[in-house]
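>>> Starting from these lines, generate the structure:
(3 chains)
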Amino acid sequence: MATVQVSEAEKVYILHGIRDDLRVDGRSCEDYRHMEIETDVVSNTDGSAKVTLGHTVVLVGIKAEIGKPRPMVPDEGYLEFFVDCSANATPEFEGRGGEELGTELSNTLYKVFNNKRSLDMKSLCISPGEHCWLLYVDVLLLQCDGNLYDAISIAVKAALFNTKIPRVHISADDEGGKEIELSDDPYDCVRINVENVPCIVTLCKVGHRHVVDATLQEKACSVASLIISVTHKGTVTCVRKVGGGSLDPESIFEMTEAGKRVGKALHAPLMKLLQQEESLGKKRQKVGFLG
Amino acid sequence: MSPMKLCVPGDKLCSTEDCIPGTGVYLRHGYIYSSLAGYVLRKNEGEELPVISVVRETETQLLPDVGAIVTCKVTSINPRFAKVHILYVGSTPLKDRFRGTIRKEDVRATEKDKVETYKSFRPGDIVLAKVISLGDVQSNYLLTTAENELGVVVAHSEAGAQMVPISWCEMQCPRTHAKEFRKVARVQPEYLQA
Amino acid sequence: MAGLELLSDQGYRLDGRKATELRKVQARMGVFSQADGSAYIEQGNTKALAVVYGPHEVRGSRSRTLHDRAVINCQYSMATFSTAERKRRPHGDRKSAEMSLHLKQTFEAAVMTQLYPRSQIDIYVKILQSDGGNYSVCVNAATLAVIDAGIPMRDYVCACTVGFVDETPLADLCYAEEGGGGSSLALALLPRGGQIALLQMDAMTACKGVSKVLDEVVRQHLQDVSVLTRE
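Numbers count the residues shown, from 1 in each chain, chains lettered A, B, ... in the order given. The predicted model follows:
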């Protein structure tokens, strides 16, 4: 379900609740719903993560391929994003129905993640001007229950954390050309530094207040929302207004402040969780969709 | 009664000589097979043989069926018919809305030729109706309100207030006291539980 | 067989299975709450998700409506990261279209569509990880999802692929075996009635072989899926 219809009475109920800092599911305005994260769920990828936020379920798979660097930045690798709004999420996405939303999401992700400040792009370079690592970040939307941006960004961060790129050895062959050799050892790999990777916090303006992690019902009551990408230090890297309505400058300022606060608080437990999971290593019981 | 037995689709339950098939089962070559995964339920209903059916914990999807009383919302009207969305079948809400049509001739039982849809329904009205046909290739579900118990149950006046029925064909706005025409239903007490 | 020996002299396969042994099957029903029915299945390293929506009003053009039974609408797609080499599009290519059609035909045979006239049942299957036998895993996942949705079926459908190496049928091929060049047969059946809902053979198998292969699949899968659905 990508959208829901809300009756006038429901709208009033939700609005009044938010005014009093008490939402329909008992959360306060700056609380997230229950979230579950699991990494390394698809073995065909170099890194993957599954995130469940409320009823929203997203799966992210990252595949690393060797490509040519962009001419403008010959010493950097880059990321490609693709969001598949599958028909599993809602029948409306069947055929080409999900493409519009998918493009919107992937363009935003591109803006948020594909820059020097989020990721060390230089570490993805193999030989300047010739070869670099190209990370295909594929997002699969399996169930929509609001707040897609946040769930996807957390899943992308977790998947990047989980990504293992094989180490390469460059050797010159007889004719002076370069030969690239991939390491066969699965443990001989490069990890990506995700320290500065931001997370997106979506703030929905409902009535005179704004809420974090809006459900579909709450989203239906809001005029517009602001997506803010925040790093662990609280630096805002990207701000975007989405939705049909308009916002006044003052509330944008307030929302940015709230986003910074919430985003900063989100990173620490996320990294702790990812490291904890990583430390379990092979002992970890993989749950995936079976749990 | 035997203890609850689990079954999956395709399980042979019994012969037609032992039981009468109920819901969630089907017949093949004189035997009753399960068509759902659930519990086998045998019930004696005064007949010679018990009725066997397969039930699930969760309610299965319902579709409007001929003869069913449905609750619908009027979406548009024109001189020949009113278009509605079916929201409930009996007392079960539908997950998806189905479209239906109430033709002019099916609005009331008497003086069918004098019916005007504008004087019977308005968009937004909540109407109780009965399914008379699943429709043909061109049309949706065909519904009727040609019974005293069927017709408009909830309507809002032009002023926006919920109106009170005053006769079988009129409703009044409590705020402006303006009267508006509707095909009003005489709601049966059993439907007034909410 | 070129390059790879699919069946060793001792009767073991590449991954150490016996000829008629299936891969490890794990499944769960009711994975998602928003869909009417959903299921997840793992068969070895092939993983698939299936969801069912419906029965609901026919979407899109009304001419598709069948007035005596339900329309079964299927979409098969693969996650872009499901294969070893990245796929560019999750669906819309020829192979997915063919798979969708096969799925539709298979489930038209099994679902009691006459109970839901003028409506539509959507079955969407997504391969999350592909390691051979995609079609059969999809059918198995979709069956569980249909059961979860509480849509009446004559029988559950189960499917399996079989290859044929030196007169020996191999059940439930993995990707390496599928690519090994031997013949392969995909089969979906309604085990109780012993009816076959889909039969698709790629490459030639000796006629004598077919019945042997069929028999193998029937027996194997009968036990297997019945155990599963009882969970």
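>>> Can you pull the domain assignment for chain B?
B:5-55, B:69-188 (automatic domain parsing).
>>> show me what contacts the residue lying closest to A:Leu53 once chain neighbours are set aside?
Nearest non-adjacent residue to A:Leu53, counting by Cβ to Cβ, 6 or more residues apart in numbering or on different chains: A:Ala151, 4.3 Å away. Bear in mind the C-beta positions are built from the backbone N, C-alpha and C, glycine included. Residues in contact with A:Ala151 (Cβ atoms under 8 Å, 6 or more residues apart in numbering or on different chains) are A:Val51, A:Leu53, A:Thr56, A:Val58.
>>> List the contacts of the third one.
When the contact criterion is Cβ under 8 Å, 6+ apart, the partners of A:Thr56 are A:Gln143, A:Cys144, A:Asp145, A:Gly146, A:Asn147, A:Leu148, A:Ala151.
>>> Pick the one among those residues closest to chain C.
A:Gln143 (5.0 Å; Cβ to the nearest Cβ).
>>> what's around the closest residue to chain B within the stretch 151-291 of chain A, how many residues?
Of all residues in the stretch 151-291 of chain A, A:Leu216 sits closest to chain B, at 15.2 Å by Cβ to the nearest Cβ. A:Leu216: 20 surrounding residues under other Cβ atoms under 10 Å in any protein chain shown.
>>> sorry, back to before: could you tell me which of the contacts of A:Ala151 belong to strands?
Secondary structure of those is defined by DSSP state E; positions in strands are A:Val51, A:Leu53, A:Thr56, A:Val58.
>>> Would you check that my belief about the last one contacting A:Asp138 is correct?
No - here A:Val58 does not reach A:Asp138: they are 10.8 Å apart, not a contact under Cβ atoms under 8 Å.
>>> For the chain, give me the ranges with low pLDDT.
Using chain A. A:1-2, A:176 (pLDDT under 70).
>>> The chain in question should be chain C.
Scanning chain C for pLDDT under 70 picks out C:1-4, C:62, C:180-182, C:202-231.
>>> Show me where it has its strands.
C:25-29, C:37-43, C:46-57, C:71-78, C:119-129, C:158-165, C:168-171, C:183-190, C:195-202.
>>> Export those strands to CSV and append columns for mean neighbour count and distance to A:Asn107.
Output for the strands of chain C, formatted as CSV (neighbours: other Cβ atoms under 10 Å in any protein chain shown; distance: least, Cβ to Cβ, whole Å):
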stretch, mean neighbour count, distance to A:Asn107
strand C:25-29, 18, 34
strand C:37-43, 25, 30
strand C:46-57, 27, 26
strand C:71-78, 24, 22
strand C:119-129, 26, 23
strand C:158-165, 25, 39
strand C:168-171, 22, 46
strand C:183-190, 23, 39
strand C:195-202, 15, 40
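>>> Out of the ones you listed, the one nearest B:Pro123 is which?
For the strands of chain C, the distance to B:Pro123 is smallest for strand C:46-57, at 19.5 Å, taking Cβ to Cβ.
>>> rewinding a little: to chain A, which of the domains of chain B lies closest?
Among the domains of chain B, the nearest to chain A by Cβ to the nearest Cβ is domain B:69-188 (9.5 Å).
>>> for that closest one, what is the average pLDDT?
Per-region confidence: domain B:69-188 scores 86 on mean pLDDT.
>>> For the residue most central in space within chain C, give me its contacts.
Geometric centre of chain C, nearest residue: C:Ser136, 2.3 Å, by Cα atoms, centre = their mean. By Cβ under 8 Å, 6+ apart, the contact set of C:Ser136 is C:Gln43, C:Ala159, C:Cys160, C:Thr161, C:Asp172, C:Ala186, C:Leu187, C:Ala188.
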